[in-house]
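In: please work out how this folds:
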Amino acid sequence: MLTKKGKYGLKAMLALASLPEGAMAFSAEIALAERIPKKFLDTILLELRRSGLVRSRKGPAGGYALARPAAEISIGACMRVLDGPLAPIACASRTAYSPCDDCQDIAACLVRRAMTEVRDAVSEILDARTLADLSEAGWHASIGSQEPLLANGR
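Out: Numbers count the residues shown, from 1 in each chain. Here you go, the predicted model:
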């Protein structure tokens, strides 16, 4: 299940994807436009910056922006940074594999097999869609449809 952190982070990434090229947005502007608690958003944006998905600049002309074009950032990459592996259980994860304490035969485990299929399906969908795909499809309109709330977009 998508956590609030994942949902808010994805909303923030889509807000940044909707910015005009070269523009930046302050976290307070994103928080207001997306109805995200600012303190929580600041923590999320810091994590996204550390992962290399967003960049920031301090000062009156500062704020946040995507570190790469929206077409190069998959939803799956965002979700992995914010919520961790996409697998519903650790034994089905590719990046954070951990065997189950109660499993006697990993290769024969039907639960693991089913959850691996779930992981693959979720990964296929989320990795195939980029921030640009969602933005262009009109799935995100909160910042783009209002008067500019952008630090450098005015």
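In: using the three-state scheme, assign the nearest residue to Arg112 once chain neighbours are set aside.
Out: Spatially, and ignoring its direct neighbours in sequence, Arg112 is nearest to Cys91 (4.9 Å; C-beta to C-beta, 6 or more residues apart in numbering). (Glycine included, C-beta is placed from N, CA and C.) Secondary structure for Cys91, judged by DSSP: H, G, I helix; E, B strand; the rest coil, is helix.
In: residues in contact with Cys91?
Out: 97-100, 103, 106, 109, 112, 115 (C-beta atoms under 8 Å, 6 or more residues apart in numbering).
In: try Ala67
Out: 49, 52-55.
In: thinking again about what came up before, top of the contacts of Cys91 by neighbour count?
Out: Arg112 (20 neighbours; other C-beta atoms under 10 Å).
In: my guess is that one contacts Cys103. True?
Out: Yes. Counting by C-beta atoms under 8 Å, Cys103 is a contact partner of Arg112 at 7.1 Å.
In: and the gap between the residue nearest to Arg112 and Leu131?
Out: 31 Å (C-beta to C-beta, to the nearest Å).
In: again, but for Met1
Out: 21 Å.
In: of the two, who's got more company?
Out: Neighbours were tallied for Met1 and for Leu131 using other C-beta under 10 Å; the higher tally belongs to Leu131 (27 against 5).
In: how about that one, what does it touch?
Out: 13-14, 17, 66, 70-71, 73, 75, 78.
In: how about 7 Å then?
Out: By C-beta atoms under 7 Å, 6 or more residues apart in numbering, the residues touching Leu131 are 13-14, 17, 70, 73.
In: could you dump those into CSV and include neighbour count and pLDDT?
Out: Shown next, in CSV, are the contacts of Leu131 (neighbours: other C-beta atoms under 10 Å; pLDDT from 0 to 100):
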residue, neighbour count, pLDDT
Met13, 29, 97
Leu14, 24, 95
Ala17, 23, 95
Ala70, 19, 96
Ile73, 22, 97
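In: so which of the residues you listed comes closest to Thr43?
Out: Met13 (14.6 Å; C-beta to C-beta).
In: now the element after the top helix by length along the chain, going C-ward?
Out: In the chain, assigned by DSSP state H, the helix with the most residues is helix 110-128. Counting by DSSP states H and E, the element after helix 110-128 in chain order, helix or strand, is helix 131-136.
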